[in-house]
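Trainee: dropping a prediction and its sequence here:
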Amino acid sequence: MSGAGTGADAGGYPPIAEHGLIGDLRTAALVGTDGRIDWFCAPRFDSPSIFGALLDAEKGGSWGIEPTCEVTAHHQFYFPDTTILVTRLLTEEGMVEVQDLMPVLRARDPEHRQRLVRRVSCVRGSMRLRTRIAPRPDYGRAEVRAERHGDAVGFHSPGLTVRLRATVPLETDGADAVAEFDLVQGETAVFVLTCGEDACSGEGTAPLAAEEAAGLFDATVAFWRSWISRSAYTGRWREMVHRSALTLKLLTHEPSGAIVAAPTLGLPEVEGGERNWDYRYVWIRDAAFSLYALLRLGFTDEADAFIGWLTRCLSNVHADGSGPLRSMYTIDGEPVHEESVLHHLHGYAGSSPVRLGNQASGQRQLDVYGEVVDSIYLFNKHSAGISHQTWSDLRRVLEWLLEHWDQPDESIWETRAGRQDHTYSRLMCWVAVERMIRMARQRGLPGDIARWSAVRDEMYTQIMERAWNPDIESFVQTVAGPGETPRAVLDAALLVMPMVKFVSPTDPMFATTLAAVEKELVADSLVFRYQPSMAPDGLDGAEGTFSICSFWWVEALTRGGRVEEARVALEKMFTYSNHVGLYAEQIAVTGRQLGNFPQAFTHLALISAAVNLDRMLP
């Protein structure tokens, strides 16, 4: 797998891509190629950070393990078919290997304990190493007290206690724990950080034996290998597809069934810019697409769990000015907190403000109705089927949509320049009604199909007549008023038109749209969302190319019969992954990864593009 970016930025900020992800289906941590954990929230994805050096190198907190001598090279990879991360540090004196994992012993484990395990082994030669564990809870705002408890060190702050056990002697240094130790070839040191209630239990304070960590390692390997073995994909790009599937699974909150958009907040779309968002929530759109990707690979248990989570959201809806469905929810299916700013944090490489919460939660995004209904349609088609209550909830939501679809909104890209009549939203409203009609007919479910069909056809006609710009021969970002020509602003989201069965991929109108997008938005397989200069989005600065759009481009080429071009574009996109196959939200034209990392949106689009292209190749 390709490595995108090396070295470290000024001020101690490694490139975003220089990280791997570990997790326990409740939260996750980022481990740098230098062996430092610089992002970790506990006990959940949306909890305040304990290690947050990725957003402030001085105040955020981290956990480093490094040789005392100069490191000449470092390498990082995943233990095969697992989410266990292995970092190798090479020096003139020898080589050490750090194995990082958050143990998962069995599915839906009622006795799950949240632990961060680090095994340090000397592979060659001998070496002196040092470690500093510097928790800074509550995004670096909480006071921390480090105390020795026998062989363990406890870190106490208001509302949170974490405890560290190790097979080497630990000392306290202010609010930190430190250790220096020697290893020769074949020797191993182990560290276990325990969170939550278990941190204060007997396990959290008991002496640590290397055999305990070995057992957790073996059980976690067995769990992940058993899970990925259920994949139905056997195509050409198995390694990339399976790594994307494992990443989507890591972004799943198993107790609730929710799927978060990314495990991070505040990572910039442009370094030094203001486009720094909190992505640790459930975007209905992202999660619905993730469900589609997992279903394509045969992971029906995850689909069942997410539909259960979604059904609870549907049953609790109360329509307001933005509609009965929100664009995003917390892991618990509640409204997302209002957006605020963590003023005390420097921001990644000086990118501020660092935003907590997300203002987009209050936006009207009409496209989410199509993505939700389409995901339920696919679940109904490929799984056990939906319940009477779910169908009743869907009909109630649809009634609202039939009356409000023809309204301006912020749509998929969550612009902050005011609501507009977005073509993509009208397209996905069409999908919502069309899929409801299909489900009613396939299952004989009750519904006013005649009325639904009339509104569906009205949506179709509006898009075909008022979202088409004859001057550039393309569908465009917004629909015009009756008798007017829409603005000549392209939108890469419209690449999904044939994917959702709105137009044939060989329809001349879509073929010329594809050509227009290629000319204006595509840069050597990398695709921009739109042209901010022509369609201001209410924010300063530019942004990188959007990786989900790049994979949509591959799929659009595939469906349009341009299979060889699609294959080359897909292979190019693979070169932009980081060293362990992960993608952030965006990629700069320099190849540098930007935005929150890793992002579910990107990995689900990779799966869809690879699976569909595989089917078209001999």
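Mentor: Noted; the coordinates are in hand.
Trainee: for residue 192, pull up the helix or strand it's in.
Mentor: For residue 192, the host element (DSSP states H and E) is strand 188-194.
Trainee: which residues are in contact with that strand?
Mentor: The contact list for strand 188-194 (CB atoms under 8 Å, 6 or more residues apart in numbering) reads 63, 65, 113-122, 129, 131, 133, 162-168, 181, 183, 203-204, 208, 210, 212-213. For the C-beta atoms, the positions are set from N, CA and C on the backbone; glycine is no exception.
Trainee: could you rerun that using 6 Å?
Mentor: 115-121, 162-168, 181, 204, 208, 210, 213 (CB atoms under 6 Å, 6 or more residues apart in numbering).
Trainee: show me the contacts for residue 12.
Mentor: residue 57.
Trainee: that one and residue 55, how far apart?
Mentor: In this view, residue 12 and residue 55 are 12 Å apart by CB to CB, to the nearest Å.
Trainee: what's the answer for residue 457, then?
Mentor: 49 Å.
Trainee: higher neighbour count, these two?
Mentor: Shown here are residue 457 and residue 55; by other CB atoms under 10 Å, residue 55 has more neighbours (27 against 13).
Trainee: give me phi/psi at the more buried one?
Mentor: The phi/psi pair for residue 55 (degrees, to the nearest 10) reads phi -110, psi -10.
Trainee: check whether it really touches residue 267, as I assumed.
Mentor: No: at 8.1 Å, residue 55 does not count as touching residue 267 under the criterion of CB atoms under 6 Å.
Trainee: which helix or which strand is home to whatever residue is furthest in space from the centre of the chain?
Mentor: Relative to the centre of the chain, the most outlying C-alpha is that of residue 483, 41.4 Å out, by CA atoms, centre = their mean. Assigned by DSSP H and E, residue 483 belongs to no helix or strand.
Trainee: how close does it get to residue 465?
Mentor: Taking CB to CB, one finds residue 483 at 10 Å from residue 465.
Trainee: kindly report the same for residue 315.
Mentor: From residue 315 over to residue 465 (counting by CB to CB), the distance is 37 Å.
Trainee: what does residue 597 give?
Mentor: From residue 597 to residue 465 the distance is 41 Å (CB to CB).
Trainee: likewise residue 169?
Mentor: From residue 169 to residue 465 the distance is 76 Å (CB to CB).
Trainee: can you check residue 282 too?
Mentor: 36 Å.
Trainee: neighbour count: those two, which is higher?
Mentor: residue 282 (32 against 13).
Trainee: contacting residues for the more buried one?
Mentor: 258, 329.
Trainee: the longest strand in this structure is where?
Mentor: Ranked by residue count under DSSP state E, the longest strand found in the chain is strand 115-134.
Trainee: what does it contact?
Mentor: Contacts for strand 115-134 (CB under 6 Å, 6+ apart): 61-65, 67-68, 93-103, 164, 176-185, 187-194, 213, 216.
Trainee: tell me where the stretch 51-200 of the chain has strands.
Mentor: 62-67, 73-78, 85-90, 94-101, 115-134, 145-149, 152-157, 160-166, 171-173, 176-184, 188-194 (DSSP state E, counting those that start in this stretch).
Trainee: where does pLDDT dip in the stretch 501-618 of the chain?
Mentor: 535-542 (pLDDT under 70).
Trainee: the bottom helix or strand of the protein by mean pLDDT?
Mentor: helix 202-205 (a mean of 56; mean pLDDT, DSSP states H and E).
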